[in-house]
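# Need coordinates for the following:
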Amino acid sequence: MPGASYGLAATVLPDGFRLVQIDQRLLDLEPGNIETVTDLMEGWADPELFLENAIGFCVLHDGSIVSHCATDSVSGARCEVGVGTEPAYRRLGLGKAAAAATITECIKRGRPDIEWHTHASNKGSIAIARGIGLIERDRHVAYSGNLPAENVGDLDLDTCREWGLHLERASDHISWYRFHATGAWTLAGDRTRALANLRELVDGGWEGEAAWLEGYWAVQSLVDDPRFKTIVARQRAIREE
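Residues are numbered from 1 along each chain as shown. This is a model prediction of the structure:
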């Protein structure tokens, strides 16, 4: 969704929320959920380059980062922007506020060629982009083994089931697809099949980290299930051997 409008109006935040620029001062505050920012830094050659060139804002609530928007990459007058909000804080206008401030700052710093890429299924991201003045310029077909979604509810149940079946078939050739099949079946509401794929993934010698399973957005409704915990604990023990 490349393109931007100038003169964006500031978005009013609900009481108790504060908009803060992503810079060294924010890091010095050591807010909760600071991984939101440090994870962004990992996409750059080093933290100093990020702090010098990246542009972004986050929303703080009770001392923690609950929403953010920042440039994922910068090149001359061009930049690509990404946004994210913690699930419990969505639909409050926080992502829009952070994005509007980021876009305004990008323009001020001489980077008016702004790009915003998102899955076609991500209605929330598309709504934020349109709400801050970006316009859709192009659509691309992408081929990937990942689910074509980023949030619970992006895909309907039938689509999740289709992906579950597709990924199971693909796992006969590449076992790693069991990871995404687990996510697809979780989103489809079939815990039994999701856990079966997870079990086969771990039993099949998967070399991934247990934390990847615990942090995978598509399986968050499973993380408190004792069966899920048992499988993840086994993977953690395997990795620690």
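# Could you point out the longest strand of this protein?
In the chain, taking DSSP state E as the definition, the longest strand is strand 64-75.
# Tell me the strands beside the helix or strand just after it, with direction?
Per DSSP states H and E, strand 64-75 leads on to strand 78-85 as the next helix or strand towards the C-terminus. Taking DSSP bridges as the criterion, strand 78-85 sits next to strand 64-75 (antiparallel), strand 113-115 (parallel) in its sheet.
# coming back round to it: just the CA atoms of the longest strand of the chain, as PDB, please.
Backbone C-alpha positions of strand 64-75 (Å, rounded to 0.1, in the frame of the first residue of the first chain) are rendered in PDB as follows:
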ATOM      1  CA  SER A  64       4.400  -1.300  29.000                       C
ATOM      2  CA  ILE A  65       4.400  -1.000  25.200                       C
ATOM      3  CA  VAL A  66       1.000  -2.100  23.900                       C
ATOM      4  CA  SER A  67       1.200  -0.800  20.300                       C
ATOM      5  CA  HIS A  68       3.900   0.400  18.000                       C
ATOM      6  CA  CYS A  69       4.700   1.500  14.500                       C
ATOM      7  CA  ALA A  70       8.100   1.800  13.000                       C
ATOM      8  CA  THR A  71      10.100   1.700   9.700                       C
ATOM      9  CA  ASP A  72      11.300  -1.800   8.900                       C
ATOM     10  CA  SER A  73      13.700  -0.500   6.300                       C
ATOM     11  CA  VAL A  74      14.900   2.900   5.000                       C
ATOM     12  CA  SER A  75      16.600   3.700   1.700                       C
END
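# buried sites along that strand?
Neighbour counts using 16 or more other CB atoms under 10 Å place Ile65, Val66, Ser67, His68, Cys69, Ala70, Thr71, Asp72, Val74 of strand 64-75 among the buried residues. C-beta here means a position set from N, CA and C on the backbone, and glycine is covered the same way.
# hmm, who's touching it?
Under the contact criterion CB atoms under 8 Å, 6 or more residues apart in numbering, strand 64-75 has outside partners 17, 22, 31-34, 36-37, 40, 43, 53-60, 79-86, 88-89, 94-95, 97-99, 101-102, 106, 111.
# now that strand, how far from the chain's geometric center?
Centroid separation for strand 64-75 versus its chain: 11 Å, with CA atoms, centre = their mean, to the nearest Å.
# what about Arg137, which helix or strand?
Using DSSP H and E, Arg137 sits in no helix or strand.
# any chance of the buried residues of strand 64-75 in JSON lines, with pLDDT and distance to Glu214 too?
JSON lines is the format used below for the buried residues of strand 64-75 (pLDDT from 0 to 100; distance: CB to CB, whole Å):
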{"residue": "Ile65", "pLDDT": "97", "distance to Glu214": "20"}
{"residue": "Val66", "pLDDT": "97", "distance to Glu214": "20"}
{"residue": "Ser67", "pLDDT": "97", "distance to Glu214": "22"}
{"residue": "His68", "pLDDT": "96", "distance to Glu214": "21"}
{"residue": "Cys69", "pLDDT": "96", "distance to Glu214": "26"}
{"residue": "Ala70", "pLDDT": "96", "distance to Glu214": "24"}
{"residue": "Thr71", "pLDDT": "94", "distance to Glu214": "29"}
{"residue": "Asp72", "pLDDT": "90", "distance to Glu214": "24"}
{"residue": "Val74", "pLDDT": "89", "distance to Glu214": "32"}
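# Let me know the closest of the residues you listed to Pro47.
Each of the buried residues of strand 64-75 was scored against Pro47 by CB to CB, and Ala70 proved nearest at 13.3 Å.
# show me the contacts for the nearest residue to that closest one once chain neighbours are set aside.
Closest residue to Ala70 apart from its sequence neighbours, by CB to CB, 6 or more residues apart in numbering: Gly56 at 2.7 Å. When contacts are counted by CB under 8 Å, 6+ apart, Gly56 is found next to Gln21, Ile22, Leu40, His68, Cys69, Ala70, Thr71, Ala98, Thr102.
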